[in-house]
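In: what follows is a predicted protein model with its sequence.
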Amino acid sequence: MKAIIPVAGAGTKLRPHTYTQPKALIPLAGKTILSIIVDQLHEAGINDFIFIIGYLGEKIEDYVKNEYPDLKCSFVQQNERFGTGHAVNLTRELVGEDEVIIILGDTIADYDVKEIIDSPVSMLGVKRVDDPRNFGVAEIDDTGFINRVVEKPSIPKSNMALVGVYKIKETGIMFSCLQKLIVSNAKGYDEFSLTDALECMMQMGARFKSFKVTNWFDCGKKETLLESNATLLKKFGGNVSDGNAFENTIIIPPVSIAEGCDIRNSVIGPNVAIGEHTKINHVIIKNSIIGSYSNLHEIVLSHSLIGSDAEVKGGNRSLNIGDNTAIDLSGGGTSLG
């Protein structure tokens, strides 16, 4: 069993943060989006990973090699972003005849990973949504098997959305269908859709069973990322690394504070994640994510996303600030580094 994780996207909805780092490496609950996915799979016994990289791909590769030196990791470059189907097709030679589990690089979900990878049939993760028109949609029979999948239907016949978790046994059929789509230039929404390849597989006799995820965390934009951060902090329990200096400071759990932070005269939490070596003085922060090596002074922050190497002081705000930024809200101006 190999794991395929497509992480080539530019993450435009999370700009300015994705100008300087891939979406998969955005901090979340003291980890990164990518590390939560990899840890979940590795704990279930998967040691062979294929990462499809593109935008800022060298940062993904460096991160994986540093954080997971004992895993077998391969990297495939997607130079032209023609969709998830096109991305997965690039892994054909590396996959060979092995079964695969495909996890989209911004998909964090709660489910029994071991049960899914051990399943005797192919499996697709689903979750009931209010408006399925922006998702791949699965039409499911009474036994849990899937009759049809459709990408972003204008008139959905089901409200069960595909969450981006796919366990595929019939990889030969999958690659045949992907190649068929690409050769015939059968694009949907200007992309080669993995959902269309799955529908092709069903027409060729492959069977897919659905499984419901208990939680599905949206990491695609600031507001939902902060909601996911709060939920995951509660799930993981938060973590305050040793070696931090706290002076006259109140910590309200759950929080995650990385090593080397210097926090004084402040109130931190709840639902706050702070990266390493960040300095904070006379600050109140709640429901926020703060990057590494940042400097915050005399400010009240709520529902904010602050990048790394940022400097912010003065005011009472909800902010969305990328890396290498200096902002003075106490009467000065704003400068971008």
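Out: Nice, thanks for sending it over.
In: contacting residues around A161?
Out: Going by Cβ atoms under 8 Å, 6 or more residues apart in numbering, A161 touches 126-129, 132, 135-138. In this view, the C-beta of every residue, glycine as well, is placed from N, C-alpha and C.
In: let's have the residues you listed in CSV, adding secondary structure, neighbour count and pLDDT.
Out: Output for the contacts of A161, formatted as CSV (DSSP: H, G, I helix; E, B strand; the rest coil; neighbours: other Cβ atoms under 10 Å; pLDDT from 0 to 100):
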residue, secondary structure, neighbour count, pLDDT
V126, strand, 26, 94
K127, strand, 20, 92
R128, strand, 11, 91
V129, coil, 17, 90
P132, helix, 21, 87
F135, coil, 22, 85
G136, strand, 24, 88
V137, strand, 24, 92
A138, strand, 26, 92
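In: what two of these are the furthest from one another?
Out: R128 and G136 (13.9 Å; Cβ to Cβ).
In: looking at the contacts of A161, spot the one nearest I33.
Out: For the contacts of A161, the nearest to I33 is K127 (17.7 Å; Cβ to Cβ).
In: identify the bridge partners of the closest one.
Out: Using DSSP bridges, the bridge partners assigned to K127 are A161.
In: where does the stretch 1-150 of the chain dip in pLDDT?
Out: Scanning the stretch 1-150 of the chain with the threshold set as pLDDT under 70 gives 16-18.
In: how about 80 then?
Out: For the stretch 1-150 of the chain, the stretches with pLDDT under 80 are 9-21.
In: ditto for the stretch 201-337 of the chain
Out: Counting by pLDDT under 80, the stretch 201-337 of the chain has low-confidence residues at 218-223, 242-245, 314-337.
In: again, only this time at 70
Out: Short version for the stretch 201-337 of the chain, where the test is pLDDT under 70: 315-337.
In: M123 contacts K167, correct?
Out: Yes. Using Cβ atoms under 8 Å, M123 is in contact with K167, at 4.1 Å.
In: so which bits of the longest helix anywhere in the chain are buried?
Out: When the chain is parsed with DSSP state H, its longest helix is helix 222-236. Buried residues in helix 222-236, counting neighbours by 16 or more other Cβ atoms under 10 Å, are found at 222, 225-233.
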